[in-house]
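J.: need a structure here:
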Amino acid sequence: MERESGAVITSRENSKIKYACSLRDSEKQRAAEGLFFAEGPKLCLELAKSCTPRAAYATEAALEKTPELASLDPVPVAPHVAEKLAGTKSSQGVFVLFETPRPGPALLTTARRILALEGVQDPGNVGTLLRSAAAFGFDAVVLGPGCAAPFSPKTLRSSMGAAGRLPVVHSSDLPATLRELRDRGVTCLAAALYRSRPLDEAGREFPGGVCVVIGSEGQGLTDETVQACDAAVRIPMTDRVESLNAGVAGSVLLWHFRGV
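T.: Okay, here's the model as predicted:
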């Protein structure tokens, strides 16, 4: 698919518009095409700093409001076409198809600060954790089975495009990946309650690097994943709440280990 430009698109049944909508709605198609769909001027301009745009669409009103969008060479679309493209109730008038970043296989042989997720299904939590990992200087993210897709529209909105700035790799066998990290000296710390130590006792000296491993709020980490780690840590809390959601708990851990 080539970058495109041209006259105003006025038909909601235009083939390019239908193709963009199918990418928006289908993770399977996004994976097959190596593209993802983003909406909104701020998010699209941020993603364009690290990802390659392949097609862009914008209303005249959006271009007038945000002149910087011209750098994306968008095809103009009528407001009613933008309504079809919008993944939210109110259209922001800007839509871009980007190439999905593909980190090289050697990424995990050099990364020193790593976030690993298992079974975090909520796009909001995955997006929050990606954003926090980028903010606190982590080098890479590993997504194990059962995690929300990092380039789905909901995750992208929550992460504010962090997935484009932070290498994300997928692991079909997270315990095996963690054992490989440990073999090269990375300390893997599981966020868990059972047989865990308080976070302030976990230490901050990790010469080979650190991997923070987070599970879902409801299920937590599997026993096999916890056993594949060096230790389990927990966030000390009062008894007024039982737990924090994965996005909040993970962000606290990422902040704690930001400088190791």
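
J.: ok, which stretches of the stretch 51-200 of the chain are strands?
T.: Secondary structure of the stretch 51-200 of the chain (DSSP state E, counting those that start in this stretch): strands located at 53-58, 75-76, 94-99, 113-118, 140-143, 168-170, 187-191, 197-198.

J.: export these to a markdown table and tack on distance to A133, mean neighbour count and mean pLDDT?
T.: (Each C-beta comes from the backbone N, C-alpha and C, glycine too.) As requested, the strands of the stretch 51-200 of the chain are arranged in a markdown table below (distance: least, C-beta to C-beta, whole Å; neighbours: other C-beta atoms under 10 Å; pLDDT from 0 to 100):
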| stretch | distance to A133 | mean neighbour count | mean pLDDT |
| --- | --- | --- | --- |
| strand 53-58 | 24 | 22 | 97 |
| strand 75-76 | 34 | 20 | 96 |
| strand 94-99 | 20 | 24 | 97 |
| strand 113-118 | 5 | 26 | 97 |
| strand 140-143 | 6 | 23 | 96 |
| strand 168-170 | 9 | 20 | 94 |
| strand 187-191 | 14 | 25 | 95 |
| strand 197-198 | 22 | 12 | 84 |
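
J.: to W255, which of those strands lies closest?
T.: strand 113-118 (11.9 Å; C-beta to C-beta).

J.: quick one, that closest one and strand 187-191 angle?
T.: Angle of strand 113-118 versus strand 187-191, following axes from the mean of the first three to the mean of the last three C-alpha atoms, to 10 degrees, is 40 degrees.

J.: run the chain-centre distance for strand 113-118.
T.: In terms of C-alpha atoms, centre = their mean, to the nearest Å, the centre of strand 113-118 is found 12 Å from the chain centre.

J.: cool, and stretch 205-222?
T.: Taking C-alpha atoms, centre = their mean, the mean C-alpha location of stretch 205-222 is offset from the chain mean by 17 Å.

J.: change the start of the numbering to 3 and stick with it
T.: Let's use 3 as the start, then, which means that last one is stretch 207-224.

J.: with just CA atoms, put it into PDB.
T.: Listed next in PDB are the C-alpha coordinates belonging to stretch 207-224 (Å, rounded to 0.1, in the frame of the first residue of the first chain):
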ATOM      1  CA  GLU A 207      21.500  -3.100  42.800                       C
ATOM      2  CA  PHE A 208      21.000  -5.300  39.700                       C
ATOM      3  CA  PRO A 209      24.300  -5.300  37.700                       C
ATOM      4  CA  GLY A 210      22.900  -7.400  34.900                       C
ATOM      5  CA  GLY A 211      19.600  -5.500  34.600                       C
ATOM      6  CA  VAL A 212      16.100  -6.100  35.900                       C
ATOM      7  CA  CYS A 213      12.800  -7.400  34.500                       C
ATOM      8  CA  VAL A 214       9.600  -6.500  36.200                       C
ATOM      9  CA  VAL A 215       6.900  -9.100  35.700                       C
ATOM     10  CA  ILE A 216       3.200  -8.100  36.000                       C
ATOM     11  CA  GLY A 217       0.000 -10.200  35.800                       C
ATOM     12  CA  SER A 218      -3.600  -9.400  35.600                       C
ATOM     13  CA  GLU A 219      -5.500  -7.900  38.500                       C
ATOM     14  CA  GLY A 220      -7.900 -10.800  38.700                       C
ATOM     15  CA  GLN A 221      -5.700 -13.800  38.100                       C
ATOM     16  CA  GLY A 222      -2.200 -12.600  38.800                       C
ATOM     17  CA  LEU A 223       0.800 -14.400  37.400                       C
ATOM     18  CA  THR A 224       0.800 -18.200  36.800                       C
END
